[in-house]
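Colleague: no FASTA, just this:
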Ligand SMILES: Nc1ncnc2c1ncn2[C@@H]1O[C@H](COP(=O)(O)OP(=O)(O)OP(=O)(O)O)[C@@H](O)[C@H]1O
């Protein structure tokens, strides 16, 4: 398993706004990597930096094991991206659009390749209809077909289901899964909906107000037997130091000023509580969060930042 995207300490400052604040993450070959955050969290800014559309203020990006700055052209050739509503020629057909974009990007395609590509995104039946008659979901899928025409290894999709109806959302979801399972593509997909990411991704990163909140396998993060304990204490420094040297160190996720997050199996919570009391923690609140949904909501509705432990 090798890293396709390796982002280290990436930041982007727009005048007074720190849109991305010191985030690091790794996307491995074959991942469907979910990039989750509320509106304004910094997802698009990060994606734009990955595509060299904007320059980072700090940090490094490696793609396919190479530094993005020094190998820009070669790297971008291996990426297909849809980051806004695709800019399509609405008086041309889907087939004609695809053919035109292939020519513009210098990709040699024949009729079979174009038809295969349209079939892959489920547009065979409407291939020769004008794009102005397409639904939003069909336009989005045509945009993905265009992004795939040069057979990239890595696909980056920024909020691909935004503004789609439930059927359109399901179509995109199935397409992403198909591209991963049957074409072996590595996919980075952003969304503000936890549910969407949960359904397709194997790993995910949650960001909020530019900061990394957590990263992990979706299976571990959404496992119903697991819980995220939200602990508030008046002596956080002492408690964090103790936790780091205790048997709970591997359970530590993050801490902010006086809030500490620990992930564990639900039956372990009473034992943790007893250990904390014995260790002198002044507990204000200890709340096991039931699902990642409530955890995600609690994180993103609170106006706070957290640091991430690596464990
Ligand atoms: N060009 C810009 N100039 C100034 N501030 C910007 C610019 N682009 C983005 N921002 C700010 O940076 C922050 C992150 O924005 P970003 O678009 O990356 O978030 P996002 O997670 O993609 O959310 P959304 O889905 O709403 O686009 C926001 O506060 C946004 O207002």
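Modeller: Now that the structure is in, tell me what you want to look at. These numbers come from a predicted model, not from an experiment.

Colleague: Please make it C-alpha for all contacts and neighbour counts, starting now.
Modeller: Noted.

Colleague: Mind pulling up the pLDDT for the residue sitting nearest the centre point of the chain?
Modeller: Using C-alpha atoms, centre = their mean, the residue of the chain that lies closest to the mean C-alpha position is residue 35, 1.4 Å off. In the prediction, the pLDDT value recorded for residue 35 is 94.

Colleague: same thing with residue 291?
Modeller: For residue 291, the pLDDT comes out at 58.

Colleague: and what of residue 249?
Modeller: If you check residue 249, the pLDDT there is 94.

Colleague: and what of residue 4?
Modeller: The per-residue pLDDT reported for residue 4 equals 96.

Colleague: What separation is there between it and the ligand?
Modeller: Taken as C-alpha to the nearest ligand atom, to the nearest Å, the spacing of residue 4 relative to the ligand amounts to 21 Å.

Colleague: Check residue 81 too.
Modeller: Remark: distance between residue 81 and the ligand (C-alpha to the nearest ligand atom) = 15 Å.

Colleague: didn't that residue look like it was pressed against residue 159?
Modeller: No: shown here, residue 81 and residue 159 do not form a contact pair, counting by C-alpha atoms under 8 Å, at 11.3 Å.

Colleague: Not counting its own residues, what contacts the helix or strand harbouring residue 243?
Modeller: Here residue 243 is covered by helix 236-245, with elements defined by DSSP states H and E. Counting contacts by C-alpha atoms under 8 Å, 6 or more residues apart in numbering, the residues outside helix 236-245 that touch it are 233, 249, 252, 257-260, 276, 279-281.

Colleague: List the contacts of the spatially closest residue to residue 283 that is not a sequence neighbour.
Modeller: In space, and not counting its chain neighbours, residue 283 is closest to residue 233: 4.5 Å by C-alpha to C-alpha, 6 or more residues apart in numbering. Applying C-alpha under 8 Å, 6+ apart to residue 233 gives the contacts 239, 258-259, 281-285.

Colleague: So which of these sit within strands?
Modeller: Judged by DSSP state E, the subset of those located in strands is 259, 283-285.

Colleague: most surrounded residue in those residues?
Modeller: Top of these by neighbour number is residue 259, holding 19 neighbours under the definition other C-alpha atoms under 10 Å.

Colleague: Using neighbour counts, pick out the buried residues of the helix holding residue 243.
Modeller: If you call a residue buried by 16 or more other C-alpha atoms under 10 Å, then helix 236-245 has these buried ones: 236, 239-240, 242-243.

Colleague: Mean confidence (pLDDT) on it, please.
Modeller: Helix 236-245 comes out with an average pLDDT of 94.

Colleague: by contact count, what packs against the following helix or strand past it?
Modeller: Past helix 236-245, heading to the C-terminal end, the next element that is a helix or strand (DSSP H and E) is strand 252-255. In this structure, strand 252-255 makes packing contacts with strand 211-217, strand 259-265, strand 307-308, judged by 3 or more C-alpha pairs under 8 Å, 6 or more residues apart in numbering; DSSP states H and E.
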